[in-house]
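Student: need a 3D model of the sequence below.
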Amino acid sequence: MKFLAAFFAATLCAASAIAAPITIIQTGSGTGSLGDTPFSNALFTITAHGNTDAREFDGFDVYSITHTSATIEIEGLGTYSFLSGTRTFVTQSLALAGLSRPPIDGFDLYYAPTDSAFATWDMLTSIATISGGSELLQWGVEEVVTSGGVLDFLNGSPEGTFQAIVPEPSSIVLSAFAFIGLAAFARRRLN
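Tutor: Down below sits the predicted model:
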């Protein structure tokens, strides 16, 4: 029984340490090039992963999370990993969120549709899909390297979407309980 109590405490501590994953999905369309391959008005989906525990604040109204990994799927070309650092940010005073280069004052690359939900979003909760006009900008200022080569979008204002997914703490705790149950079952079978 002491084993289970210790295991339970360790699992809860571990769950709280990883209890804040965030996935950000942004879509749009754009014209540009990937390596030597040009594309025109291609739909794209950027999927980025980070951790809310690594959230930064500029002391005024900008929160950001540097991604632990990010990919871009470009219609007709494929899916590529970002090798250059990327981050998601929200500027509450402008009700604006998007993709940029780190650090917190790095070049902005993509503005999601503006929405009043961003005026109070602190990046610790999920955001349902927001649709509307977005903006591609500053891709040529500093190279953005992907596993498919340098990615360069021309400035543009496509329709786009933004969504952030942060698992509810209760689902993480339920997962921890399931893991504990499996460990206890395995321990019993070994004995």
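
Student: give the next helix or strand downstream of the lowest-mean-pLDDT helix or strand in the chain.
Tutor: Ranked by mean pLDDT, DSSP states H and E, the weakest helix or strand in the chain is helix 2-17, scoring a mean of 49. Counting by DSSP states H and E, the next helix or strand C-terminal to helix 2-17 is strand 21-34.

Student: figure out how far that following strand is from the centre of its chain.
Tutor: Chain-centre distance of strand 21-34: 11 Å, with CA atoms, centre = their mean, to the nearest Å.

Student: and after it, which helix or strand comes next?
Tutor: Sequence order places strand 37-51 as the next helix or strand after strand 21-34, per DSSP H and E.

Student: got the angle for that following strand vs strand 21-34?
Tutor: Here the directions of strand 37-51 and strand 21-34 differ by 170 degrees (axes from the mean of the first three to the mean of the last three CA atoms, to 10 degrees).

Student: any idea how far G35 is from V145?
Tutor: According to CB to CB, to the nearest Å, G35 and V145 sit 10 Å apart. Quick note: C-beta positions are derived from backbone N, CA and C, even for glycine.

Student: err, T129, not the other one
Tutor: Distance of T129 to V145, given as CB to CB: 29 Å.

Student: low-confidence stretches in this protein?
Tutor: For the chain, the stretches flagged by pLDDT under 70 are 1-19, 170-179, 181-191.
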